[in-house]
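**Q** Here is a sequence with its predicted model. Questions after.
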Amino acid sequence: MGILDGKQGIIYGVRNERSLGWGCAQSLAREGAKIAFSVMTEREEKDAQKLAASLPESAAGFVQICDLTDDD
């Protein structure tokens, strides 16, 4: 049982396995959270999907493109 069992979160900007966001995602997953990822580009989306697939099934959420620099 982790301290985040049943909790959900979103991580913005996971680019690769060296990203600070990826380290956070791994820690959150280890504590039981379910995680979604937001990225800026299609290339990052593919990379983030690979990373998300490496998380335990109970933690892996979805990956969505969301450019936070665009007000629309």
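**A** Received it, and whenever you're ready, just let me know what you need.

**Q** Mind telling me what element residue 51 is part of?
**A** For residue 51, the host element (DSSP states H and E) is helix 42-53.

**Q** buried set for that helix?
**A** Residues 44, 47, 48, 51, 52 are the ones in helix 42-53 that count as buried (16 or more other Cβ atoms under 10 Å). Bear in mind the C-beta positions are built from the backbone N, C-alpha and C, glycine included.

**Q** May I have the phi/psi pair for the residue nearest the centre of the chain?
**A** Centroid-nearest residue in the chain, with Cα atoms, centre = their mean: residue 37, separated by 3.4 Å. Backbone torsions for residue 37, taken as degrees, to the nearest 10, come to phi -120, psi 140.

**Q** How much space separates it from residue 13?
**A** 9 Å (Cβ to Cβ, to the nearest Å).

**Q** which residues pair with the residue nearest to the centre of the chain across the strands?
**A** Beta-bridge partners recorded for residue 37 (DSSP bridges): residue 11, residue 63.
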